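1. would you be able to build a 3D model of this:
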Amino acid sequence: MKVSVLLPVYNGEKYLAACLDSVVTQDFKDMEILVSDDCSTDGTIEIIKYYAARDARIRWWQNTRNLGQAPNHNVCLKAARGGFIKFIHADDKLLFPAALAWMVEILDKDDSVSLVGSASYIMDEDSRQLSRRNNFTQSGLWDGKDVIVKCLEANANLIGEPTGTLFRREQARRGFDVRYRQIMDMEMWFHLLQQGRFAYIAEPLFAYREHPQQETATVRHTVGCAHEYLALMTDYYRMPWMEAIATRQMLYAQIRALRERSGISARPLTGDMMTKLKLFWYVVYWLKRKVFQSAQKISKYLRIRC
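-> Residues are numbered from 1 along each chain as shown. Here you go, the predicted model:
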């Protein structure tokens, strides 16, 4: 078995059929499709049964109790038999039949790659495309640890959602860290990127759906989310390799973000970062950010006036 396509789902009735259609029509055939229902209360089970009756590659189950997002992802991982792991979320979809084969080919050819990602489209609840994301500009290979630093410089998950990635099961054996909800995928990407290189495909291979009912939308502004960012930075700032490659931009971005998000709780960490960055460079990056923000406001004003 080459690939395990893993679909953890909870109350995914509205978009699940479109998601499964995008999986079962893939050109790449050497795969199993595992669906783990986390005690849905809508029509999700009926849709799963319909597709499972028509495609022998689909294996599904319903958890005996609601586990939550990260644990349900880990249930899928533990059940997987494929060498490569392809998560897909019920409200997302792959955009064309060759998408999976394209990603598989990269892992097959290069053992140094631990994570494959791609550009994507963002769509709304009615499947209208809102924008295109291409955070790495062009296809290519990057050192995994450098990509971690790049994400921390931007204070963003530049890799994207699980639907847009492929990775090796052996390297993800640890599973998703259950301390995280909002940024559990970002933490997993960091875990994988420590183990190898990142391969990026600039062609959009999947569409990510934004809608009010998705779980990430419900926790985005919670206090717990701020604690997650502090925990993530605490873990990875202490990594032995981080000191050698941490940039001034990364240190400034994290000091500013942690102070805004976590306040006094972040002082031990931001104090240590400030010692390394030095006050002079903090002021330089602060001024640079202010100039950039002012330029953006002027540009916006001119566009409105014109």
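2. next structured bit after the lowest-mean-pLDDT helix or strand in the chain?
-> With mean pLDDT, DSSP states H and E as the measure, the helix or strand of the chain carrying the lowest mean pLDDT is helix 215-219 (a mean of 47). Scanning forward in sequence from helix 215-219 by DSSP states H and E, the next helix or strand is helix 223-237.
3. against which helices or strands is that next one packed?
-> Secondary-structure packing of helix 223-237 (3 or more CB pairs under 8 Å, 6 or more residues apart in numbering; DSSP states H and E): helix 144-154, helix 184-193, helix 248-262, helix 267-277. From N, CA and C alone the C-beta is placed, and that goes for glycine too.
4. which other residues reach it?
-> By CB atoms under 8 Å, 6 or more residues apart in numbering, the residues outside helix 223-237 that reach it are 148, 152, 179-183, 186-187, 190, 219, 242, 246, 254, 257-258, 261-262, 265-266, 269, 272-273.
5. which of those count as buried?
-> By neighbour count, with 16 or more other CB atoms under 10 Å, these hold 148, 152, 180-183, 186-187, 190, 246, 254, 257-258, 261-262, 266, 269, 273 as buried.
6. contacting residues around stretch 239-254?
-> Contact with stretch 239-254 is made by 145-146, 149, 152-155, 194, 233, 236-237, 270, 273, 276-277, 281-282, 285-286, as judged by CB under 8 Å, 6+ apart.
7. gap between the two ends of that stretch?
-> End-to-end distance of stretch 239-254 (CA to CA, to the nearest Å): 15 Å.
8. in that stretch, what counts as buried?
-> By 16+ other CB under 10 Å, the buried positions in stretch 239-254 come out as 246, 249-254.
9. equivalent analysis for stretch 24-40, please.
-> For stretch 24-40, the neighbour count (16+ other CB under 10 Å) marks 26, 28, 31-38, 40 as buried.
10. pick out the most distant pair among these.
-> Using CB to CB, the buried residues of stretch 24-40 span at most 27.8 Å, a distance reached by 28 and 40.
11. show me which strand runs longest in the protein.
-> Scanning the chain for the strand with the most residues, using DSSP state E, yields strand 197-209.
12. so which elements touch that strand?
-> strand 93-94, helix 99-109, strand 113-123, strand 129-133, strand 140-142, helix 144-154.
13. okay, these in JSON lines with distance to residue 295 next?
-> Shown next, in JSON lines, are these (distance: least, CB to CB, whole Å):
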{"stretch": "strand 93-94", "distance to residue 295": "38"}
{"stretch": "helix 99-109", "distance to residue 295": "38"}
{"stretch": "strand 113-123", "distance to residue 295": "26"}
{"stretch": "strand 129-133", "distance to residue 295": "22"}
{"stretch": "strand 140-142", "distance to residue 295": "29"}
{"stretch": "helix 144-154", "distance to residue 295": "18"}
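14. comparing the ones you listed by mean pLDDT, which bottoms out?
-> Mean pLDDT is lowest for strand 129-133 out of those, coming in at a mean of 91.
15. contacts for that one?
-> Strand 129-133 is contacted from outside by 119-124, 160, 204, 207, 210, using CB under 8 Å, 6+ apart.
16. how far away is residue 106 from residue 32?
-> Distance, residue 106 to residue 32, using CB to CB, to the nearest Å: 20 Å.
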